[in-house]
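Trainee: Predicted model, plus sequence, below.
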Amino acid sequence: MPGVAHDSSPRNAARWGRALRRAGQILLGLVGLVFLTVGGGLLVSLSWDRATGVVQDCTTRVERTGTGTTGTSTRTVQVCTVRWQAAGGPRTGSVEISGSDRLPAESVELRVSGGQAVVATPAWVGVATAAGGLAMVGTSAVLLVRRRRPREGGRARP
């Protein structure tokens with residue numbers, strides 16, 4: 001009908017474009033926070049005591065990590081019962097190990113704190129993960145708070 005506004009008008013399209021851009025910026029910040037948190041956790045675990053654990057038994061599972069144009073990606077994870085020696089005596093706990101190649105009686109390098117244990121990772125992994133997260137959070141913050149500045153000719157940037 002003539003005279004009726006449609007949702008496909010240039011003004012509505014620009015509004016949707018800005019909303020999608022803003023949502024992408026927020027999503028970038030949230031993903032960055034996840035990376036920053038994981039990297040921080042890896043860095044904190046570097047201060048834990050070192051120990052060598054012995055694998056007792058493992059349960060293997062395959063996790064779907066997402067879908068893409070080529071299909072579903074998967075990763076194999078083992079949750080192993082591991083025994084290690086700590087200052088307070090022998091300890092036993094569950095440790096998540098990537099891959100599926102751990103066998104009973106095999107040794108694994110750990111970082112331990114009390115009854116908690118994680119597989120030892122190189123320092124650069126924690127630094128790189130935290131730095132990537134910080135870069136994403138920083139980029140998101142800059143994009144979210146930047147203001148529209150007038151360009152030549154008096155028109156503002158979208």
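Mentor: Structure received.

Trainee: pLDDT on the host helix or strand of Leu27, on average?
Mentor: According to DSSP states H and E, Leu27 maps onto helix 10-45. Helix 10-45 carries an average pLDDT of 90.

Trainee: Then stretch 80-92?
Mentor: The average pLDDT within stretch 80-92 is 87.

Trainee: got the buried residues for that stretch?
Mentor: Within stretch 80-92, the residues scored as buried using 16 or more other CB atoms under 10 Å are 80-82, 84, 91. Where you see a C-beta, it was placed from the backbone N, CA and C, and this is true even at glycine.

Trainee: quick one: terminal-to-terminal distance for that stretch?
Mentor: 10 Å (CA to CA, to the nearest Å).

Trainee: can you give me how far that stretch is from the chain middle?
Mentor: Chain-centre distance of stretch 80-92: 28 Å, with CA atoms, centre = their mean, to the nearest Å.

Trainee: on that earlier part again, next, check the buried residues of stretch 80-92 against the strands and list the overlap.
Mentor: Among the buried residues of stretch 80-92, the members found in strands (DSSP state E) are 80-82, 84, 91.

Trainee: what about the closest residue to Ala128 other than its chain neighbours, how many neighbours?
Mentor: Residue nearest to Ala128 in three dimensions, not counting chain neighbours: Gly39, with 7.4 Å by CB to CB, 6 or more residues apart in numbering. Neighbourhood size, Gly39 [other CB atoms under 10 Å]: 20.
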